[in-house]
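A.B. asks: Take this sequence and fold it.
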Amino acid sequence: MGPGIAFCNNPRMIELILGGARSGKSALAEQRAAESGLAVCYVATAQAGDAEMARRIAHHRSRRAAHWTLVEEPLHLAATLVEQAAADRCLLVDCLTLWLSNLLHAGVAARQAESGEDVACPLLAFETSALLDCLPHLPGRVILVANEVGLGIVPLGAATRLFVDDAGRLNQAIARIAQRVSFVAAGLPLELKA
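C.D. replies: Next up, the predicted model:
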């Protein structure tokens with residue numbers, strides 16, 4: 001058994017895998033979940049709002065092991081993780097970025113930002129706080145996938161700036177809690193925290 005696999009078998013661990021679009025972050029998360037030796041529950045946050053997104057979801061679905069459990073939860077992630085977590089289970093959340101987008105659009109935050117209003121998103125504040133509160137107490141293993149969206153220029157639109165800011169803050173908060181953080185580029189993982 002290689003050192004990566006031994007690390008994966010830690011009975012209680014939070015891992016964050018970051019990367020850009022099509023960087024290989026989801027494939028790495030799926031590989032690490034499979035290597036964990038635990039029963040895997042895939043927690044999907046995506047919603048098929050159009051045909052293109054439906055194709056992306058189908059692509060991810062086709063790669064997953066047939067015996068993995070699937071739970072779809074676009075908004076109430078913390079409650080789902082608390083319900084699904086177990087000492088003998090690996091929860092793979094793909095992805096935090098879509099979850100954050102879902103929260104911003106479920107309330108009025110995105111519209112407020114575009115109209116120049118002060119932004120208040122109680123749903124986002126409640127759900128992210130609940131996630132950060134529950135993660136350190138979950139039994140078993142949790143692998144969280146997220147996009148690193150802050151490597152480019154500052155976006156032009158207010159709603160996009162709000163999204164990038166909130167995604168960056170969420171990724172930093174999860175990284176502080178996580179025992180392992182990896183950044184993936186061109187399918188190659190770089191260990192940021194181990």
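A.B. asks: Dig out what Ile143 forms beta bridges with.
C.D. replies: Glu15, Leu92 (DSSP bridges).
A.B. asks: quick one: pLDDT of it?
C.D. replies: According to the prediction, Ile143 has pLDDT 98.
A.B. asks: Isn't it up against Ala33?
C.D. replies: Yes - in this structure, Ile143 is within contact of Ala33 by Cβ atoms under 8 Å, at 5.7 Å. Using the backbone N, CA and C atoms, a C-beta is placed for each residue, glycine as well.
A.B. asks: Now stretch 162-175: buried residues?
C.D. replies: For stretch 162-175, burial by neighbour count (16 or more other Cβ atoms under 10 Å) applies to Leu162, Phe163, Asp165, Asp166, Ala167, Leu170, Asn171, Ala173, Ile174, Ala175.
A.B. asks: hmm, back to that, got any residues that touch both of Ile143 and Ala33?
C.D. replies: Contact criterion Cβ atoms under 8 Å, 6 or more residues apart in numbering; residues shared by Ile143 and Ala33: Cys90, Leu92.
A.B. asks: If you count surrounding residues, which of these two has more?
C.D. replies: For Ile143 versus Ala33, the count of surrounding residues by other Cβ atoms under 10 Å is larger for Ile143: 27 against 24.
A.B. asks: export the buried residues of stretch 162-175 to a markdown table and tack on secondary structure, pLDDT and distance to Ser62?
C.D. replies: Output for the buried residues of stretch 162-175, formatted as a markdown table (DSSP: H, G, I helix; E, B strand; the rest coil; pLDDT from 0 to 100; distance: Cβ to Cβ, whole Å):
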| residue | secondary structure | pLDDT | distance to Ser62 |
| --- | --- | --- | --- |
| Leu162 | helix | 85 | 33 |
| Phe163 | helix | 88 | 28 |
| Asp165 | helix | 91 | 34 |
| Asp166 | helix | 92 | 31 |
| Ala167 | helix | 95 | 27 |
| Leu170 | helix | 97 | 28 |
| Asn171 | helix | 98 | 27 |
| Ala173 | helix | 98 | 32 |
| Ile174 | helix | 98 | 27 |
| Ala175 | helix | 98 | 30 |
